[in-house]
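> Sequence and predicted structure, then a few things I'm wondering about:
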Amino acid sequence: MESLSIQNVISRKDNYNLAIPFVETQQVNPFYKMSVSLLCVDTNEQASQVFKVGSRAKGNNQWENLYSLAKPFLQRLATEAGIQFGPGSGDVVRMDENTWKASAFGAVRLPDGNVRTSNNFKVIDLVTEEKKYRLAYEEKAEKGIGEPKAGKAAAEKYAGEWIDTGEKNGRGYPIQIYVIAEQDRGKYIENSLLDAMTQLRANAPQKAATGAILRVIRDLLGIKGTYTMEELKKPFAVARMSFSPDYNDPMIKQVLLQQAMQSIGNLFGNTQPVVQTISIPKQDCEDDLGIPMGVDEIKTDDRNERAPGERRQQAEPEAEEEDRSMDFRCDKCNEVIPRNVWNYSKEHFDRPLCYKCQKVVKGTERGRR
């Protein structure tokens with residue numbers, strides 16, 4: 001089975017739908033990583049990723065077509081580059097009955113770590129657009145309709161003739177244009193203009209919003225206005241900066257640990273636990289060996305040791321044990337600590353220390369080793 005490498009995918013791109021094929025990943029600094037990806041544009045008319053905008057002379061009476069990137073592919077580029085749009089991007093304002101205006105704001109992080117921003121807008125003026133449409137349809141009616149689908153649709157409605165241009169398309173078929181007869185040109189222009197303006201009036205706000213966003217994408221990525229077919233066959237290389245800390249870096253580990261502790265503190269609070277010592281009266285006695293003696297045993301011994309005729313004196317109530325919780329303090333920060341912590345620290349550190357000071361002493365001893 002052939003290995004699925006980037007080179008093989010690109011060389012056989014007709015067999016794939018290229019989306020996000022990463023070809024290089026590099027850690028720029030301990031916090032950010034740069035990824036470079038390749039995106040190939042589908043030049044097929046059915047894909048609607050490019051559209052023809054004109055032509056230019058190559059010399060020797062030869063012309064080459066010029067194309068521009070359409071909305072679907074520009075949005076793929078924006079997603080791959082990590083462009084972020086600000087709140088309100090694409091909001092539309094109606095200026096008057098025939099004018100719509102939309103604005104957009106976007107930002108992208110450059111490979112050097114800086115952030116580049118762009119603010120742009122798009123205005124749809126129905127009066128101006130109608131004039132543009134009229135000129136375009138007048139030119140098509142006089143010089144011929146080059147789009148095959150539009151030419152076939154016009155041939156069914158208006159009189160005219162097909163003219164061979166002497167050129168061939170990518171499949172080897174001859175390219176023909178449909179020239180409308182002079183008596184039907186006015187009718188073709190008005191009907192086509194009516195259809196185009198009806199759609200434009202219905203979609204003017206959406207077109208203004210899309211136009212503003214696409215202008216921001218072109219500006220941030222440096223997309224040209226027109227490309228030749230040879231240029232479009234080359235894949236687009238897109239660099240993207242993303243937050244990807246290097247977890248092997250000791251400094252990064254320390255920063256992330258501090259951030260995690262701070263987050264926990266913000267959630268639950270940073271107050272120290274309150275330790276309260278409760279004094280419990282001693283009820284049982286202990287013999288010399290530390291074995292507790294019950295009350296019955298004490299009474300028996302007392303009865304045997306009392307002389308005959310001696311009245312048993314009522315035992316005086318035992319005094320309540322003095323609270324010595326304030327005596328157990330940290331030798332370093334003078335903070336009151338529980339007695340068991342005091343005993344543990346005396347045993348292991350030869351002096352009473354609280355939890356925090358014990359950690360500091362342990363860390364110092366490790367550093368010396």
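Received the coordinates, thanks. Numbering: from 1, shown residues only.
> Every contact and neighbour count from this point should use C-alpha atoms.
Fine.
> For the one helix or strand K346 maps to, buried residues please.
Applying DSSP states H and E as the criterion places K346 in helix 339-349. Under the neighbour-count criterion of 16 or more other C-alpha atoms under 10 Å, helix 339-349 has 339, 341-343, 345 buried.
> Specify the angle between the helix or strand following it and helix 339-349 in degrees.
With elements assigned by DSSP H and E, the helix or strand that comes after helix 339-349 is helix 355-368. Counting by axes from the mean of the first three to the mean of the last three C-alpha atoms, to 10 degrees, helix 355-368 lies at 20 degrees to helix 339-349.
> Would you mind listing the buried residues in helix 355-368?
Applying 16+ other C-alpha under 10 Å to helix 355-368 flags 357-358 as buried.
> Give me the contacts around it.
Around helix 355-368, the neighbours that count as contacts under C-alpha atoms under 8 Å, 6 or more residues apart in numbering are 332-333, 341, 345.
> that older thread, closest to Q262 out of the buried residues of helix 339-349?
Closest approach to Q262 among these (C-alpha to C-alpha): V341, at 25.8 Å.
> Check which residues of stretch 116-135 are buried.
Quick answer for stretch 116-135 (16+ other C-alpha under 10 Å): 117-126, 130, 133-134.
> need the helices for this protein, in chain order.
Counting by DSSP state H, the chain has helices at residues 6-11, 71-81, 126-143, 148-157, 182-221, 229-232, 250-268, 295-305, 339-349, 355-368.
> residues touching D42, list them.
49-50.
> Which pLDDT value goes with it?
The model reports D42 with a pLDDT of 87.
> now it: how far from E182?
38 Å (C-alpha to C-alpha, to the nearest Å).
> same deal with D327?
Taken as C-alpha to C-alpha, the span from D327 to E182 is 112 Å.
> that older thread, which of the buried residues of helix 339-349 sit farthest apart?
Checking those with C-alpha to C-alpha, the most distant pair is R339 and S345, at 9.9 Å.
> Common neighbours of these two, please.
In contact with both R339 and S345: no residue, using C-alpha under 8 Å, 6+ apart.
> Quick one: neighbours of E231, just the number.
11 (other C-alpha atoms under 10 Å).
> which regions of the stretch 1-150 of the chain lie under the pLDDT threshold?
1-34, 111-113 (pLDDT under 70).
> Mind jotting down where the strands sit in it?
Using DSSP state E, counting those that start in this stretch, the strands of the stretch 1-150 of the chain run over residues 22-27, 32-39, 50-59, 62-69, 84-85, 91-96, 99-109, 115-125.
> Please list the residues outside stretch 159-174 that contact it.
Contacts of stretch 159-174 (C-alpha under 8 Å, 6+ apart): 155, 175-181, 184.
> just to revisit the earlier point, need the CA coordinates for the helix holding K346. CSV is fine.
C-alpha atoms of helix 339-349 as CSV (Å, rounded to 0.1, in the frame of the first residue of the first chain):
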residue,chain,number,x,y,z
ARG,A,339,-0.3,19.4,68.3
ASN,A,340,0.2,16.4,66.1
VAL,A,341,1.9,18.6,63.5
TRP,A,342,4.0,20.1,66.2
ASN,A,343,5.1,16.6,67.3
TYR,A,344,5.8,15.4,63.8
SER,A,345,8.0,18.5,63.0
LYS,A,346,9.9,18.1,66.2
GLU,A,347,10.6,14.5,65.4
HIS,A,348,11.7,15.0,61.7
PHE,A,349,13.0,18.6,61.7
